[in-house]
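> structure for this input, please:
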Amino acid sequence: MAALEFSLQHTQKNGKARAGKITTDHGEIETPIFMPVGTAGTVKAVTQQQLVNDVKAEIILGNTYHLYLRPGIEVLEKAGGLHKFNGWQKTILTDSGGYQVFSLSGTRKIKEEGVTFQSHLDGSSHLFSPEKVMDIQRSIGADIIMAFDECPPYPSTRDYAETSMHLTHRWLDRCFTHLATSEPKYGHTQYLFPIVQGGTYTDLRMESCQYIASKNATGNAIGGLSVGEPEEMMYDLCAVCCDNLPIQKPRYLMGVGTPWNILECIGLGIDMFDCVMPTRNGRNAMLFTTQGVINIDNKKWEFDFSPIDEALDCEVSHFYSKSYLRHLVKSKEFLGLTIASIHNLAFYLWLVQEARTQILLNNFDSWKKDMVIRLKSRL
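Predicted coordinates:
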């Protein structure tokens, strides 16, 4: 497997925040980066053209569990992979389905072989093993694919977290072994990222990082955080992981989070983020802006005809007023969901790009301190 190219271009002076560049067969990605989540092959309520032109996205996610169940692997293979199926010509990352298995705790059984679970669509029974998950991700055709892992719940006992971590490590070995027996299906290289686990136990996180680092993968992910633990605990564990993962490999913090979570974790040395929050919250009337958080449903915006956010390089955020978006949301018009989703995603991409600029200027830490206060304010 050819190595994913990651160039570490600059580290904040007297700090850990990094600016870099990831290169895959589908393009270049400047880091830090936020990746919109396209669970079922689509970022909800947003077209691929809007992702490129308005959001300025460089990479999106697909979900192995959901794509496996619907439309199914046969459809994706006949289409020529997810890139051709959904028309996205830039980089795609797929998760392994491990988090979905975690969330299906009432209908799944975890064994050494893998995880047996019931489909949320029709109740049918399925087995995800490390080998099968690698085969599914080969068929989806993502550029970056994730190792199959178990995500322990919060809180977990130390015994559970340690047993789960070792299972994740054994599954990782099987992922690497099986992936080496097959080739990508669609002519581009696929890169496997292992996932650090270990619950909320610092020594287990360090042990997992060391095991993952020994695999010399093209990049590394941190999983099992933002699952209910306090924010400060998440930051502490993230810091431990960053201190114990290779410097010259991209670090991906899975499923995090709020704008201020992202800034704090960039400051710890994270390069890649994803979260459903910008689109999910947008569909529920919460807007993230460069000045703070807006509940567009509130009456105070009824006669505010100013743009949603003029500071963003996003036509949608300039063109539509707060008053009009509020009207759409109150009227339950689908266009309101689209505008809010595009705006929030554009904001997240602006945030990580601005963070990168400040890192290159050696001004990230002071900028972050002021920005976190502003972003948390309710307008």
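> per-domain residue ranges of the protein.
5-276, 282-376 (automatic domain parsing).
> so which elements touch the helix or strand where Ser164 lies?
For Ser164, the element it lies in under DSSP states H and E is helix 158-179. Packing partners of helix 158-179 (3 or more Cβ pairs under 8 Å, 6 or more residues apart in numbering; DSSP states H and E): helix 130-140, strand 191-193, helix 202-214. Yep, even glycine has a C-beta here, placed from its N, CA and C like the rest.
> so which of the ones you listed comes closest to Thr338?
Among the helices and strands packed on helix 158-179, the nearest to Thr338 by Cβ to Cβ is helix 130-140 (25.5 Å).
> residue boundaries of the strands in the stretch 151-300 of the chain?
191-193, 195-196, 220-222, 251-253, 272-274, 286-289, 292-295 (DSSP state E, counting those that start in this stretch).
> most neighbours per residue, which of those strands?
strand 195-196 (a mean of 30; mean count of other Cβ atoms under 10 Å).
> what's that strand packed up against?
helix 202-214, strand 220-222.
> apply 10 Å and report the result again.
Applying 3 or more Cβ pairs under 10 Å, 6 or more residues apart in numbering; DSSP states H and E, we find strand 195-196 packed against helix 158-179, helix 202-214, strand 220-222, helix 231-244, strand 251-253.
> point to the residue nearest the middle of this structure.
Asp274 (2.0 Å; Cα atoms, centre = their mean).
> ok so, going back, with mean pLDDT and distance to Gln291 added, can I get the helices and strands packed on strand 195-196 in a markdown table?
What follows is the helices and strands packed on strand 195-196, written out as a markdown table (pLDDT from 0 to 100; distance: least, Cβ to Cβ, whole Å):
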| stretch | mean pLDDT | distance to Gln291 |
| --- | --- | --- |
| helix 158-179 | 98 | 40 |
| helix 202-214 | 98 | 36 |
| strand 220-222 | 98 | 30 |
| helix 231-244 | 98 | 22 |
| strand 251-253 | 98 | 26 |
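> save those as a markdown table, and put in distance to Ile373 too.
Putting the helices and strands packed on strand 195-196 into a markdown table (distance: least, Cβ to Cβ, whole Å) gives the following:
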| stretch | distance to Ile373 |
| --- | --- |
| helix 158-179 | 34 |
| helix 202-214 | 29 |
| strand 220-222 | 26 |
| helix 231-244 | 15 |
| strand 251-253 | 22 |
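> closest one to Glu302 among these?
helix 231-244 (33.6 Å).
> please state the offset of that closest one from the chain centre?
17 Å (Cα atoms, centre = their mean, to the nearest Å).
> and for the closest residue to Lys84 other than its chain neighbours, the neighbour number?
The shortest distance from Lys84 to any non-neighbouring residue, by Cβ to Cβ, 6 or more residues apart in numbering, is to Tyr186 (7.8 Å). Using other Cβ atoms under 10 Å, Tyr186 has 16 other residues around it.
> could you do the one 4 residues further on as well?
A count of neighbours around Gln190, defined by other Cβ under 10 Å, yields 27.
> can I get the helices and strands packed on helix 158-179 in CSV including distance to Thr163?
Shown next, in CSV, are these (distance: least, Cβ to Cβ, whole Å):
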stretch, distance to Thr163
helix 130-140, 17
strand 191-193, 23
helix 202-214, 10
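> most distant residue from the centre of the chain?
The chain, Cα atoms, centre = their mean, max distance from centroid: Phe303 (36.0 Å).
> assess the claim that that residue and Tyr324 are in contact.
No. With contact defined as Cβ atoms under 10 Å, Phe303 does not count as touching Tyr324 (11.2 Å).
> show me where the stretch 1-150 of the chain has helices.
Applying DSSP state H, counting those that start in this stretch to the stretch 1-150 of the chain gives helices spanning 48-50, 64-69, 73-79, 82-86, 98-103, 130-140.
> now those helices as TSV including mean pLDDT, mean neighbour count and distance to Gly41?
Formatted as TSV, these follow (pLDDT from 0 to 100; neighbours: other Cβ atoms under 10 Å; distance: least, Cβ to Cβ, whole Å):
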stretch	mean pLDDT	mean neighbour count	distance to Gly41
helix 48-50	98	15	10
helix 64-69	96	23	6
helix 73-79	98	15	8
helix 82-86	98	19	5
helix 98-103	74	21	15
helix 130-140	98	23	9
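> CSV for the ones you listed, including distance to Ala221?
CSV is the format used below for the helices of the stretch 1-150 of the chain (distance: least, Cβ to Cβ, whole Å):
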stretch, distance to Ala221
helix 48-50, 25
helix 64-69, 14
helix 73-79, 23
helix 82-86, 19
helix 98-103, 10
helix 130-140, 14
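> so which of those gets nearest Glu58?
Closest among these, using Cβ to Cβ: helix 48-50, at 12.8 Å.
> which other helices and strands contact the closest one?
Counting by 3+ Cβ pairs under 10 Å, 6+ apart, helix 48-50 packs on helix 334-360.
> distance between the helix or strand bottoming out on mean pLDDT in the chain and the chain's centre?
Across the helices and strands of the chain, mean confidence by mean pLDDT, DSSP states H and E is lowest for helix 98-103: a mean of 74. With Cα atoms, centre = their mean as the basis, helix 98-103 stands 15 Å off its chain's centre.
> who touches that helix?
39, 63-66, 68-69, 107-110, 114-117, 120, 128, 133, 146-153, 168, 171, 195, 197, 223-224, 227, 254-255 (Cβ atoms under 10 Å, 6 or more residues apart in numbering).
> same check on stretch 360-367?
So stretch 360-367 is in contact with 9-19, 32, 263, 266-267, 354-359, 371, going by Cβ under 10 Å, 6+ apart.
> PyMOL command for the buried members of those residues?
This is the PyMOL syntax for the buried subset of these, where burial follows 16 or more other Cβ atoms under 10 Å:
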select buried, resi 11+12+15+16+17+18+19+32+263+266+267+354+355+356+358+359+371
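> give me every residue that touches the spatially closest residue to Gln210 that is not a sequence neighbour.
Spatially, and ignoring its direct neighbours in sequence, Gln210 is nearest to Asn244 (6.4 Å; Cβ to Cβ, 6+ apart). By Cβ under 10 Å, 6+ apart, the contact set of Asn244 is 196, 205-210, 212-213, 220.
> lovely, talk soon.
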